Every structure is written in structure tokens, then in C-alpha cells.
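S.K.: The amino acid sequence is not available; the structure is as follows:
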DNA sequence: TTTTGCGCAATGATCGATCATTGCGCAGAA
DNA sequence: TTCTGCGCAATGATCGATCATTGCGCAAAA
């Protein structure tokens, strides 16, 4: 929500100046999402600390952030464990996303400009390309970018941070792996939304809501 | 979102077993909301730690939680400071709330039961009483409880946690203090919503959305 | 056999100390 | 005078150690 344009990173020489905590968070996330750490499994702070050659403190902070994300759960004095994701858990996210994005669309509708619309077009094109290439990860990435663009277009920073806090990418990836959820990111579904924005259709919000709800509705295979 | 009924706390002997971090968070929150710590003011971890006779670690954790809440902001290696709340910041919350609660109403509509409806009635009554008594704090509290009840009725735990993460009570209190925002919690505004739920009106969601947006629209006094 | 405590090991919570970065003032160069 | 860079003080980030709680096994009592 901070960068004015989602064009490209400023090409600074990447001096690896991220806080430890962030790297640890990424490490744990990867382990959980990839399924290397099973649901229900204890995550012992010190063990992870030793594994990574750091101390307990940053691991703790990383785990707390992941708890906010819902990827792990913890009880006081009893530690953190990998959440076991029920199908219900994975489904619950879609109505919330849908509501947030409907709000985003409503706010964006009167203020979206050509530049932003062009960005949406680019995301759709990238999605199409990834789909043709059969690159599932890229499809997820560009699909999320499309929706993120709309949220950014709302101009409401709080909405942006709440939406980001949902951790869409993580959950989508997880859904695909755990429940073999269908890959629902296809370019064609997104085009009507851009068109609706272009013509300033008051129903754009509802359209986007249904679009997102569709992700949750038909995508789980038993 | 956890307790099955919002009736009363189980009367255990309160052995003060809350984590330090939580108490610290409450302390800092109170200081910021009451305005004892001015916007933009640095919050030095060690200073707070000394003030409270604890060490730096739990203060740090508490501050991170407050950062999530948006009450303070931080930059890496530069520490935490009290956020300066612009009127825009305070307004941004309402569309987000409105969208979330509209979603909650939609989800709750087919599954809300008499018990829950009765609870809503009780909240409205309590709001009325507080209003009559001129107890502003109680009005805020019961008003929030009303909306929380609806969110809980949605049965979507994620929605509940996202809504809670907005920290409505804190922001409402802050708005009133900083911008002398009107106290908008009056019982009459809430009754039509309960009635809409009772008759299972499909427009309940939209009604609730407009109700919440009304909070943000007319409430700021220059 | 079942129940009730005790005691230990594991580990989360907290602490005090150290490392590393940032901001700033001042001396010297331009 | 204005600009540069050094050095120090403040403080966030991280560490290693200690305190306190939890879970569990085992032995003694019922």
C-alpha cells in the first residue's frame, strides 16, 4: 500500500538488510505451507532458534506474526503449534475477502484512473500468459496482484493493510496443496471486472464480490 | 468470538494470570488513548520497561501488537512512536467496518436464532439506558457490543478476528477525544436493524452498511 | 486396579547484557 | 560560511541465561 506504483522495485544493490525476524518468518512460513511441518506439530522456539543459528527472541516475534496470520496457533505457557487447517477454515476466508474487495471496488469506482486500469490489464495479460505456460505459482501470484491492485485503487490504506493481513497468497497455495483445490485463476474471469471499472458500472462491487465468492464456492474437490 | 454466550464471565477467582505483555499493552493503550502520550512522541522501549519495572522484551511485544492495531508506528532501527491520527485515518475505518459488517449480516441472516436476536434487543436496551443516563463510555461499550453480536452471529471466526483487529472501541474513544466526534450511539438507530433481522429482510446487510457509514459521515465536527 | 501427589524434564516467559544502527554535534577542509 | 566526515550517545535488535509453568511418569495410598 505504500509504493506509489507497482511497476518495479528500485534497483538498489540488495544489501540484505531485512530484520532477522522477517527472514525467520519466511522460513517458518515456507516450512508450514510446503507441508514439511505437519498440522498440529509443536513448534519449539528454541529448536527453531538452534536450527537457524539465532536466539529465541526473533523466533518468538516471527511466530507471533504468524499467529496473527492464522498459520500457527498458541496458548499461553503452552507454546505454538502448526494449525490444522480444516476445509471450513479455508472456506471462511472467501466471504471476508469478498466483502473487503467489494468495499474496495466501491471506493475505487469514482477515483480509478487510466493508469490503474492499464495496470489491471497488465495483470490480466500476465495471468493469461502464466495460464498458457501452465505455471501454477505464477497464476496465483498474478491473480493476487490483480486483486491487490483494486484494493490499492480504493485509496484506503487501512483497507489495504486489513486485506494484506489475510495472507491470500499463503492460503491459496495452502488450499491447492492440502485440499487439491482447483486452480481458479483464469484470465477470462477477470476481464469483465476491468470492463465494469472502465464503464464505471455501479454494480462493479457486487460483480467483484461474486467473483471472489466463486473462488470459495466451486473450488474445493473432495 | 470464543465465548459461546456473551452472558457473563465464569466467576473464577481472578488470580491475575494474564501475560505481562497484555498488561503492558493495556497500559500503553490507555496512555495513548487518554492523550497522556502525544502523537509523534517517541516510545522508548527501555524507558517504558523501567517505568513498569519489567524488562525490554515484553514491552517490545506489546508495542508490536499496538503497531498492528495502528495505534503506534515503527521503523526498523528507529523505534516506535505514537501515531498522529489525522481525520482521514479516523475516517478510513468506517468503510472497512461497514463492508465487514455487511458481510456479517449477510452470513448471519439465514442462521440467526431467537437467542441471538434477544441478545441484540438487550444491547439496544442497554444502549438506551446508557444514553438516558448520559454515560458516554457505556454508550460506546454497548454500541460496540451490538455490532460485535452481529459479527459473532455470522458464524465466521475469521471475520470475527478481522473485525476485532480493527479495535473499534479504541478508535471510537479516540475520535471522540481528539476530534470531538459526536457520540453517535443512540438506541433508535439500532432498532430497525434488529427488526430487519427478525423479518429476514435480504436488505439487512445494506441497511447495516449504511448505518455504519453514517457513523463516519456525519460525526466529525470541525 | 484406580487414584492421588510428588518430582523432574521440557519449554515458554522474562530478564539483563551486548551488538549494531542511527542521529547529531563539532572539527577541519573547501 | 558551507560542506564532510568522525566519534559519541541513545536505543533498537539480538543474545544467552534464568525464572515459572506445564505435562507426565511413577510410586504410594485407597
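M.R.: The structure has been received and is ready for your questions. Quick caveat: nothing in here was measured; it's all calculated off a predicted structure.
S.K.: And residue A:181, its phi and psi?
M.R.: phi -60, psi 140 (degrees, to the nearest 10).
S.K.: Now it. Nearest residue, chain neighbours left out?
M.R.: Spatial nearest neighbour of residue A:181, excluding adjacent residues (C-beta to C-beta, 6 or more residues apart in numbering or on different chains): residue A:175 at 4.0 Å. All C-beta atoms are positioned from the backbone trio N, CA, C, and that covers glycine.
S.K.: State the three-state secondary structure for the one you found.
M.R.: Following DSSP: H, G, I helix; E, B strand; the rest coil, residue A:175 is assigned to helix.
S.K.: Could you check how far the residue of chain A most remote from its centre is from residue B:18?
M.R.: The C-alpha centroid of chain A is most remote from residue A:77, which lies 30.2 Å away (C-alpha atoms, centre = their mean). Using C-beta to C-beta, to the nearest Å, residue A:77 is found at 12 Å from residue B:18.
S.K.: again with residue A:214
M.R.: If you go by C-beta to C-beta, the gap between residue A:214 and residue B:18 works out to 43 Å.
S.K.: Could you check the pLDDT of the residue of chain A found nearest DNA strand C?
M.R.: Nearest residue of chain A to DNA strand C, counting by C-beta to the nearest atom of the strand: residue A:79, 2.8 Å away. Note on residue A:79: pLDDT of 91.
S.K.: In space, what's closest to it - neighbours in sequence excluded?
M.R.: Counting by C-beta to C-beta, 6+ apart, residue A:42 is the residue found nearest to residue A:79 once chain neighbours are left out, at 6.1 Å.
S.K.: before we move on, back to that, hang on, the residue of chain A closest to DNA strand C packs against residue A:43?
M.R.: Yes. Counting by C-beta atoms under 8 Å, residue A:43 is a contact partner of residue A:79 at 7.2 Å.
S.K.: which one of these two has more residues nearby?
M.R.: Neighbour comparison, residue A:79 and residue A:43: the larger count goes to residue A:43, with 19 against 14 (by other C-beta atoms under 10 Å in any protein chain shown).
S.K.: who's in contact with the more buried one?
M.R.: Counting by C-beta atoms under 8 Å, 6 or more residues apart in numbering or on different chains, residue A:43 makes contact with A:28, A:37, A:63, A:72, A:79-82.
S.K.: Which residues does stretch A:129-140 contact?
M.R.: Stretch A:129-140 is contacted from outside by A:126-127, A:141-142, A:169, A:172-173, A:176, A:183, A:185-187, using C-beta under 8 Å, 6+ apart.
S.K.: what do you get if the cut-off is 7 Å, keeping everything else the same?
M.R.: Residues outside stretch A:129-140 that contact it (C-beta atoms under 7 Å, 6 or more residues apart in numbering or on different chains) are A:127, A:142, A:169, A:172-173, A:183, A:185-187.
S.K.: Now list the buried members of those residues.
M.R.: Neighbour-count burial (16 or more other C-beta atoms under 10 Å in any protein chain shown) applied to the contacts of stretch A:129-140 gives A:127, A:142, A:169, A:172-173, A:183, A:185, A:187.
S.K.: Which pair of these spans the longest distance?
M.R.: The distance between the two most remote of these (C-beta to C-beta) is 19.4 Å, for A:173 and A:187.
S.K.: Can you give me the pLDDT of residue A:43?
M.R.: Note on residue A:43: pLDDT of 94.
S.K.: Ramachandran coordinates for it?
M.R.: Dihedral angles of residue A:43 (phi, psi; degrees, to the nearest 10) stand at phi -110, psi 100.
S.K.: Distance of it relative to residue A:176?
M.R.: 23 Å.
S.K.: which strands and helices sit next to the longest helix seen in chain A?
M.R.: The longest helix of chain A (DSSP state H) is helix A:87-108. Secondary-structure packing of helix A:87-108 (3 or more C-beta pairs under 7 Å, 6 or more residues apart in numbering or on different chains; DSSP states H and E): helix A:136-153, helix A:157-165, helix A:168-179, helix A:204-218, helix B:87-108, helix B:157-165.
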